[in-house]
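This is a predicted model, with the sequence first.
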Amino acid sequence: MDAAGYTTLNRQSGLMREMQAVANNIANMSTTGFRREGVVFSEYVSRMDGDPSLSMAYASGRNIDLSQAAITQTGGTFDFAIQGEGFFLIETPGGQRLTRAGSFTPSAEGELVNPDGYRLLDAGGAPIFVPPDAGMVGMSADGTISAGGQPLAQVGLWQASDPHSLEHQGGTLFAANAVEPVEGGQILQGYVEDSNVNPVSEISRMIEVQRAYELGQTFLDREDARVRGVIETLGR
């Protein structure tokens, strides 16, 4: 296969990855706290001695859209939404993870956990405990949880120390090399944050990627027919 064929195949591979990312975004447009992702393309140019340069497009990474999503009122005592910057910090079997999904419930031991059973951590990185007999539980804008006028814990807001290390781990969880507290965010009780996926924009992008992929496939089919024609002609 010549250079044009290799270049097109590489581009097709990247477009397939982008299509998968778009499809995942659409599938999670109703997932609480989900963050839209996109594929980042880069160009690699190689020049060989005496030969023209060759430009190759690579889908080298993913871009996470951290823009604020809409807030929906649920009235749940342990439903929390972040307005502004920051993430909740969750303790998982694989280590600490960041998330914007703020739907929690007390476990049998009284610890706040997410739907997967992972514990929510406070501003100091420790699990949050709410006694079963605490009564009416309230939260202030800074994340302080209180019951009966007595503070119980403060939900922490965190961010990746290096924003470039933020990595999507599946669902609504993100991993980072290190995390640090973040200021400026506000936590709302009785609300959850929606997905920040715009379905109209994603469907439009899906159509664009599909058309680009079909164009590349048409080129490959024509190139294959050309090579077959040359081989048949020379073989006569």
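Cool, the structure landed. Values in this document were obtained by computation on a predicted structure and should not be read as measured data.

So in the chain, where's the weakest helix or strand by average pLDDT?
Among the helices and strands of the chain, strand 54-64 carries the lowest confidence by mean pLDDT, DSSP states H and E, at a mean of 68.

For this protein, just list every one of the helices.
Using DSSP state H, the helices of the chain run over 3-27, 199-234.

which one of those helices is the most hemmed in?
For the helices of the chain, the largest average neighbour count (mean count of other CB atoms under 10 Å) is found in helix 3-27, namely a mean of 17. In this view, the C-beta of every residue, glycine as well, is placed from N, C-alpha and C.

how far out from the middle of the chain is it?
18 Å (CA atoms, centre = their mean, to the nearest Å).

Just the angle for it relative to helix 199-234, thanks.
For helix 3-27 against helix 199-234, the angle by axes from the mean of the first three to the mean of the last three CA atoms, to 10 degrees is 150 degrees.

per-residue confidence averaged over helix 3-27?
For helix 3-27, mean pLDDT is 80.

What residues of stretch 24-38 count as buried?
If you call a residue buried by 16 or more other CB atoms under 10 Å, then stretch 24-38 has these buried ones: 24-26, 28, 32-38.

Tell me which two in those are the farthest apart.
Thr32 and Gly38 (20.5 Å; CB to CB).

So what's the residue count around Val137?
16 (other CB atoms under 10 Å).

With Leu173 instead?
22.

which residue sits closest to Gly138 in space, ignoring its chain neighbours?
Among residues not flanking Gly138 along the chain, Ser146 sits closest, at 5.6 Å (CB to CB, 6 or more residues apart in numbering).

Quick one: residues contacting the one you found.
Residues in contact with Ser146 (CB atoms under 8 Å, 6 or more residues apart in numbering) are 137-140, 152.

Ok, Tyr118 next?
Tyr118 touches 90-92, 97, counting by CB under 8 Å, 6+ apart.
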